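> fold the following.
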Amino acid sequence: MAEENGSVSGEVKELHTFVTEDGEYYEPTAMTPEANVTATSDPGYQISGWKDESGEALGNGERPAFEDKTYDTNQTFTVSFEEMDEITISYEATEGGSVDNSQDVINPETGTPKGSTASAKDGYKFVGWYLNGEKVSDDLTFVPQKGKDGRYVSATYVATFEKVEASENSDKPENTDGTDTAEQTKMGMYASSMASAGLLGLILLLKRKKKED
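So this is what the prediction gives:
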């Protein structure tokens, strides 16, 4: 039979009758049960163990492990279940960024990880989530998925960042005095126009003086 959080299927009742060829009953002899049964745990649980009526342990497999044990009286074999150990999924960031959730601690079968979102600092860019050196996602937000066995596993996912190359200003002329290059250009054009106006004024003034003479 099964305690809560699981079930037992198969030949859950096993009957042995001890009779002679003449149909007369005789004292039972010790024997090992066949136990053609299978224990199945509920999601999030696992088999804790089997035991007989005396409390003797019979393993924690899908069926009792009798080995060389024999019985000559009626017996009920019970299987118990326990919740699975929680697993830890960690999220880390390399230099140049951060993550908003550092870990999820969940049941491997029934838990739901929140995942984590990566953020790059100034001068850096996000290049992906990695597991054991292998990229697993290009998205800023990463949420782990169950494996083929339907369970999550403990793991450490790393949000990776790299420096942004400063190529945007490479085409501008070098400026060593700290003045903005565009501003310098405007000032140069203004000075040129003022110089031209002054020269024109000087020519007009010379012509006027010449007429007066």
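> tell me which residue is most central in the chain.
Pro144 (3.6 Å; C-alpha atoms, centre = their mean).
> next one: stretch 56-74 to chain centre, how far?
41 Å (C-alpha atoms, centre = their mean, to the nearest Å).
> quick one: contacts for the residue nearest to the centre of the chain?
Contact analysis of Pro144 by C-beta atoms under 8 Å, 6 or more residues apart in numbering lists Ile89, Asp104, Pro113, Gly115, Tyr152, Ala155, Tyr157. Every C-beta, even on glycine, is put in place using the N, C-alpha and C of the backbone.
> now Asp68
Thr32.
> quick check: which ranges of the protein have low pLDDT?
For the chain, the stretches flagged by pLDDT under 70 are 18, 25-26, 167-213.
> switch the cut-off to 80
The chain contains residues with pLDDT under 80 at 14-29, 166-213.
> just the helices in it please.
181-212 (DSSP state H).
> dump stretch 56-73 to PDB, restricted to CA.
C-alpha atoms of stretch 56-73 as PDB (Å, rounded to 0.1, in the frame of the first residue of the first chain):
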ATOM      1  CA  GLU A  56      12.100  -3.400   8.400                       C
ATOM      2  CA  ALA A  57      13.400  -1.400   5.500                       C
ATOM      3  CA  LEU A  58      13.000  -2.900   2.000                       C
ATOM      4  CA  GLY A  59      14.800  -0.300  -0.200                       C
ATOM      5  CA  ASN A  60      13.500   2.800  -2.000                       C
ATOM      6  CA  GLY A  61      12.900   1.400  -5.500                       C
ATOM      7  CA  GLU A  62       9.700   1.100  -7.400                       C
ATOM      8  CA  ARG A  63       9.000  -2.200  -5.800                       C
ATOM      9  CA  PRO A  64      10.200  -3.800  -2.400                       C
ATOM     10  CA  ALA A  65      13.700  -5.200  -2.400                       C
ATOM     11  CA  PHE A  66      13.100  -8.500  -0.400                       C
ATOM     12  CA  GLU A  67      16.500 -10.100  -1.200                       C
ATOM     13  CA  ASP A  68      16.600 -13.200   1.000                       C
ATOM     14  CA  LYS A  69      13.800 -12.200   3.300                       C
ATOM     15  CA  THR A  70      10.900 -14.600   3.800                       C
ATOM     16  CA  TYR A  71       7.500 -14.500   5.500                       C
ATOM     17  CA  ASP A  72       5.100 -17.100   6.900                       C
ATOM     18  CA  THR A  73       2.400 -14.700   8.100                       C
END
